[in-house]
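1. Have a look at this prediction, sequence included:
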Amino acid sequence: MSAVQPVSGSSQSATSQAYDSRAYDVVVVGAGFAGMYMLHRLRGLRMTARVFEQGDGVGGTWYWNRYPGARCDVESMQYSYSFSDELQQEWDWSERYAPQPEILKYANHVADRFNLRPDIQFHTRVESAVFDETANRWSVTTSDGKAVTAKFVVLATGCLSNARMPDIKGLAGFKGQVYHTGNWPHAPVDFTGLRVGVIGTGSSAIQSVPVIAEQATHLTVFQRTANFSIPARNAPLSADERERFRKNYPEIRRFAREEARNGIYTELPDRGALDDGDNERRSKYEARWQRGGLTFMSVYNNLALDKAANDTAADFVRAKIAQIVKDPDTARLLQPNSHPIGTKRICIDTDYFATFNRPNVTLVDIKSNPIEEILPHGLRAGGKDYEIDALVLATGFDAMTGSVAKIEIHGRNGQTLNQKWAEGPKTYLGLMSAGFPNLFIITGPGSPSVLSNMIVSIEQHVDWIADCVAYMRAHGFEAMEAEREAEDKWVAHVNEVAATTLYPQANSWYMGANIPGKPRIFMPYIGGVGPYRQICNDVAAEGYEGFAMISAEQPRKMVAS
Ligand code: NA7
């Protein structure tokens, strides 16, 4: 596709069997939902692409997160690709929220259906990417000791794929098995006959605790921060329900992209929580509680903005917890009080709170009684020892930036992305970072990403990037780079919008608050997927306003550094 390309994919078949050059138009890092669709679009543009994937299979987060009870928290009919009508018409989701094995099966189906595997190199980590300013090409080294070059690099590394091991004294000396929910073994794990400890009470714990409790002799849950959770009301999907979706997909997908703030098709609220009286409000919350799922937060339009409004929803959920959990002390501990509802990602569950009524389940408050150390056969917290045979770390991820930070990325003047992001990620539109030409990030910090139905945001970014590289090819541009000024303005805008909401009040992974020493910055863009898409489209329509385009004749249009 370019003058500097030793081998161009433009006149060749776009499968790896057709060429064996180590020079590509595009290197894609990661074969999750983002990387797979990116490859598919690049094939359509007849560009040569190589996808490097650390795992032995496709699926990204759904490849790694195999813990018991793992499911998506967005309904499957919506948490699925929309780019191929045949695909969305032919795939049968079995349940309202598909379990992880089914989502992984879907990912594999997509890989086979679109014959993606020949261009994916599995079991290979990208170690570094270094930009050659003379050639306008990236040199990419991989864990197999090899190197390739590419005009573009696309980071499809995922927002929640860098499992975080907590730094707890004695962990290495624990004699039983230790599992991390984000990096679960492929072989089934059976906790029958074991005393199990779970550290963490985020979404992964909330999904896995009820399942582990069914097997374990005893389960001790170590909770630092209580979390809000809404019943999932998961159930099998009937053929009729699937059909209703399939018939209405054009409108459902349009709405999710353009109108829903979070990329999920549901009713949009037209009033605030304080506009209704107590009874009316309670009955609306009750109806959503009975319906189940993430849309609980869409009852009113000001729950993320107004603390008094938010308190009404939080109080409702706290009252539900008190009703479900029989022991009042345990119920009180499970009631979240340290953050407004929704400012940490709200969880959805199947019988999470009721699980604490089981005689074999204990909740330990490690906020008041912090973990002191892990012992060879247990855990000491608040001066008390808990005997444990197996330990489950449901301690989350170095979210949004963790997987990018693991790659040594050198842009202009040898600057690394980690140096540039030392005080927090800086991007223009969450898509590119100034000083790193031709390096795209899918659902990067500064874009709606984790605040949305990820597949909606992934498809939007992939389409934007594909259109952008096609535009560059058509106009003979060699490189493209975010301009510093546009980036600064965008970063300021992302922060300004976040500051109008209650989100920054929580110590969430959105803020980087779960990683000691990580800069405290609200990373995703909270302006909504519809407005954000419009901004990205407008930027493209204006000839990629805010991005410097560099042509072959003008090899270094300088971007202020
Ligand atoms: P989360 O939501 O980050 O939850 C991690 C949990 O682990 C949370 O309760 C943390 O408490 C707790 N944690 C983390 N480190 C420690 C240490 N060192 N000691 C005790 N407790 C700790 O991760 P998940 O995997 O559950 O979910 C991630 C996302 O995946 C989720 O939001 C969905 O989008 C899907 P804290 O709250 O920090 O006090």
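-> Sure thing, it's come through.

2. Quick check, Arg71 in contact with Pro210.
-> No: Arg71 sits out of contact with Pro210 when judged by C-beta atoms under 8 Å, with a separation of 11.8 Å. From N, CA and C alone the C-beta is placed, and that goes for glycine too.

3. for the protein, what's the longest strand?
-> Longest strand in the chain by number of residues (criterion: DSSP state E): strand 147-155.

4. Adjacent strands (with direction) for it?
-> Using DSSP bridges, the strands paired with strand 147-155 are strand 23-29 (parallel), strand 137-142 (antiparallel), strand 439-441 (parallel).

5. among the ones you listed, which is nearest Tyr352?
-> Nearest of the strands paired with strand 147-155 to Tyr352, taken as C-beta to C-beta: strand 439-441 at 33.5 Å.

6. And the most centrally placed residue in the chain, how far from Asp398?
-> The chain has Cys159 as the residue nearest its centroid, 3.8 Å off, counting by C-alpha atoms, centre = their mean. Remark: distance between Cys159 and Asp398 (C-beta to C-beta, to the nearest Å) = 10 Å.

7. who in the stretch 351-500 of the chain is up against the ligand?
-> When proximity is defined by C-beta under 6 Å from any ligand atom, the stretch 351-500 of the chain lies next to the ligand at Ile366, Ile371, Ala394, Thr395, Gly396, Phe397.

8. Go ahead and confirm the first one touches Ala381.
-> It stands for Ile366. Yes: applying C-beta under 8 Å as the test, Ile366 and Ala381 come out as touching, 5.3 Å apart.

9. list the residues that contact both of those two?
-> Phe222 (C-beta atoms under 8 Å, 6 or more residues apart in numbering).

10. Identify the single longest helix in this structure, thanks.
-> helix 454-475 (DSSP state H).

11. any chance of the strands paired with strand 147-155 in JSON lines, plus mean pLDDT?
-> What follows is these, written out as JSON lines (pLDDT from 0 to 100):
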{"stretch": "strand 23-29", "mean pLDDT": "97"}
{"stretch": "strand 137-142", "mean pLDDT": "97"}
{"stretch": "strand 439-441", "mean pLDDT": "98"}
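
12. With mean neighbour count as extra columns, can I get these in CSV?
-> Below are the strands paired with strand 147-155 laid out as CSV (neighbours: other C-beta atoms under 10 Å):
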stretch, mean neighbour count
strand 23-29, 26
strand 137-142, 22
strand 439-441, 26
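
13. looking at those strands, which is closest to Tyr249?
-> The nearest among those, by C-beta to C-beta, is strand 23-29 at 27.0 Å.

14. Now do the closest one and helix 454-475, the angle between them.
-> Put simply, strand 23-29 runs at 160 degrees to helix 454-475, going by axes from the mean of the first three to the mean of the last three C-alpha atoms, to 10 degrees.

15. sorry, back to before: next, work out how far apart the residue nearest to the centre of the chain and the ligand are.
-> For Cys159, the distance to the ligand (C-beta to the nearest ligand atom, to the nearest Å) stands at 9 Å.

16. Same check on Tyr67?
-> Tyr67 sits 9 Å away from the ligand when distances are taken as C-beta to the nearest ligand atom.

17. Let me see the contact set for that residue.
-> Residues near Tyr67 by C-beta under 8 Å, 6+ apart: Gln100, Tyr179, Thr181, Trp184, Ser204, Gln207, Ser208, Val392, Ala394.

18. so is it in a helix, a strand, or just coil?
-> coil (DSSP: H, G, I helix; E, B strand; the rest coil).

19. What pLDDT is listed against it?
-> On the pLDDT scale, Tyr67 is placed at 98.

20. List the single closest residue to it in space, sequence neighbours excluded.
-> Spatial nearest neighbour of Tyr67, chain neighbours left out: Thr181 (4.1 Å); criterion: C-beta to C-beta, 6 or more residues apart in numbering.

21. Would you mind listing what in the stretch 151-300 of the chain touches the ligand?
-> Counting by C-beta under 6 Å from any ligand atom, the stretch 151-300 of the chain sits next to the ligand at 160, 166, 168, 181-182, 199-205, 224-225.

22. at 8 Å instead, please
-> Counting by C-beta under 8 Å from any ligand atom, the residues of the stretch 151-300 of the chain lying close to the ligand are 160, 164, 166-168, 181-182, 199-206, 222-225, 227.

23. any chance of the strands paired with strand 147-155 in TSV, with distance to Gly512 too?
-> Output for the strands paired with strand 147-155, formatted as TSV (distance: least, C-beta to C-beta, whole Å):
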stretch	distance to Gly512
strand 23-29	21
strand 137-142	27
strand 439-441	16
